[in-house]
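got a structure for you, letters missing:
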Ligand SMILES: CC(C)(C)OC(=O)NCc1c[nH]c2nc(N)[nH]c(=O)c12
């Protein structure tokens, strides 16, 4: 059976369920730590597992450039290479090419670009992106799309979305179906409701194991993002998983789960962990701030990670002051553990039919958006 999602409880538009994959079951809502180059930066695979994370994200763009998908396949695939034996979702590369690569040439067939690492020339097409994700051994493969830049006129967004829909059909044809594996379509259309609806119609006519909402968290702001979810999510098939790409802060995630999103990925917890920014149930902290120098209290008393269990804010402040590598390691560990706690709390609340009460309490405790 291909990869599928089963609902456990629905509370309003919020859903709790299970994603069934070749590498195990994943409770949803799920937050997937970003493992761009085959590593969740600053964390060992054991550390990632200890946070409760069950599914991680990898990137076609980075891994095709270094060490190449063929080498990873020769070495047994990305699960073995990274010692991650849970499900892996790989992004398809189009988005990263547009935001990272040099000298890009976009045409109807794909994108030609220069590596941001050594300037070498490469080309991605829907077929090549799907082949790379197959070589990596991804449980969830993403269609090759173009993430429409923001802001875009309605004409620009329509043209970009329609290109992505043509590429989605070619991605579907190139995908090799295997039990426990699936291909997700990516809805585009910027913040234009009619374009989002046209994109959903095009993707559901082709048929995918899951549906991602792309082109958000690109600078439109939380209000416009939620407004776009309000007109897009209800159009998606209720029996398939919904994945909001690149999102987000804890408040973004709570608001998106409220609107029926099941899956998330974002670099915020890992990137912030490296820059001394802590996410806690009481809001955010900058651990470089001198006010933490004598604070013997744990970062977050409700957290069970090593940073909170074994250390104080003063110690974490000290590590960042000294530029010690243990600082980013411990704080990344904490931030990922905190994000897992948020989605775990939301899932339990939905199973109890208490989503709104719990979500409102969580939102009230966070910093104002
Ligand atoms: C700017 C950040 C990364 C926060 O968000 C987005 O860009 N959000 C959109 C996004 C993230 N990852 C994607 N992958 C693909 N294939 N397509 C997309 O639209 C996106």
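Nice, thanks for sending it over. Just so we're clear, the structure is a prediction, and the values are computed from it rather than from any experiment.

confidence score at residue 1?
For residue 1, the pLDDT comes out at 89.

ok, now residue 98?
83.

which residues of the protein lie near the ligand?
By the rule Cβ under 6 Å from any ligand atom, the part of the chain lying against the ligand is 91-92, 94-95, 142, 145, 147, 186, 214-218, 245-246. Backbone N, C-alpha and C define where each C-beta goes, glycine included.

let's see that with 5 Å instead.
91-92, 95, 145, 147, 214-215, 217-218, 245-246 (Cβ under 5 Å from any ligand atom).

all helices for the stretch 201-350 of the chain, in order.
Ranges of helices in the stretch 201-350 of the chain, per DSSP state H, counting those that start in this stretch, are 222-232, 250-258, 268-274, 306-310, 313-321, 326-351.

can I get these in JSON lines including mean pLDDT and mean neighbour count?
Output for the helices of the stretch 201-350 of the chain, formatted as JSON lines (pLDDT from 0 to 100; neighbours: other Cβ atoms under 10 Å):
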{"stretch": "helix 222-232", "mean pLDDT": "98", "mean neighbour count": "18"}
{"stretch": "helix 250-258", "mean pLDDT": "98", "mean neighbour count": "23"}
{"stretch": "helix 268-274", "mean pLDDT": "98", "mean neighbour count": "22"}
{"stretch": "helix 306-310", "mean pLDDT": "98", "mean neighbour count": "18"}
{"stretch": "helix 313-321", "mean pLDDT": "98", "mean neighbour count": "20"}
{"stretch": "helix 326-351", "mean pLDDT": "98", "mean neighbour count": "22"}
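
of all those, which lies closest to residue 81?
For residue 81, the closest of the helices of the stretch 201-350 of the chain is helix 268-274, at 19.0 Å, according to Cβ to Cβ.

what is that closest one packed up against?
In terms of contacts (3 or more Cβ pairs under 8 Å, 6 or more residues apart in numbering; DSSP states H and E), helix 268-274 is packed against strand 277-280, helix 326-351.

can you give me the helices in the stretch 51-200 of the chain?
60-65, 69-74, 78-82, 94-100, 126-136, 154-174, 193-206.

care to break this structure down by domain?
Domain ranges of the chain: 4-266, 276-369, per automatic domain parsing.

mind checking which of the helices and strands packed on helix 268-274 is nearest residue 49?
Closest to residue 49 of these is helix 326-351 (Cβ to Cβ; 10.7 Å).

what angle sits between the closest one and helix 313-321?
Using axes from the mean of the first three to the mean of the last three Cα atoms, to 10 degrees, the inter-axis angle of helix 326-351 relative to helix 313-321 is 130 degrees.

contact partners of the following helix or strand past helix 326-351?
Using DSSP states H and E, the next helix or strand after helix 326-351 towards the C-terminus is helix 355-365. Under the contact criterion Cβ atoms under 8 Å, 6 or more residues apart in numbering, helix 355-365 has outside partners 11-12, 14, 250-251, 254, 257-258, 281-283, 342, 345-346, 348-349.

rerun at 6 Å
The contact list for helix 355-365, computed with Cβ atoms under 6 Å, 6 or more residues apart in numbering, reads 11, 14, 254, 281-282, 349.

which positions in stretch 193-208 come out as buried?
Buried residues in stretch 193-208, counting neighbours by 16 or more other Cβ atoms under 10 Å, are found at 195-196, 198-200, 202-204, 208.

okay, the residues you listed in CSV with pLDDT and distance to residue 294 next?
Shown next, in CSV, are the buried residues of stretch 193-208 (pLDDT from 0 to 100; distance: Cβ to Cβ, whole Å):
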residue, pLDDT, distance to residue 294
195, 98, 54
196, 98, 51
198, 99, 58
199, 99, 54
200, 99, 54
202, 99, 59
203, 99, 55
204, 98, 58
208, 98, 54
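
center of this protein, which residue is that?
Residue closest to the average C-alpha location in the chain (Cα atoms, centre = their mean): residue 265, at 1.6 Å.

ok, now how distant is that one from residue 71?
In this view, residue 265 and residue 71 are 24 Å apart by Cβ to Cβ, to the nearest Å.

swap in residue 295?
Here the criterion is Cβ to Cβ. By it, residue 295 lies 47 Å from residue 71.

among the contacts of helix 355-365, which one sits closest to residue 237?
Nearest to residue 237 among these, with distances taken as Cβ to Cβ, is residue 14, at 16.8 Å.

what pLDDT does the model give the closest residue to the closest one other than its chain neighbours?
In space, and not counting its chain neighbours, residue 14 is closest to residue 355: 4.5 Å by Cβ to Cβ, 6 or more residues apart in numbering. Confidence at residue 355, expressed as pLDDT, is 98.
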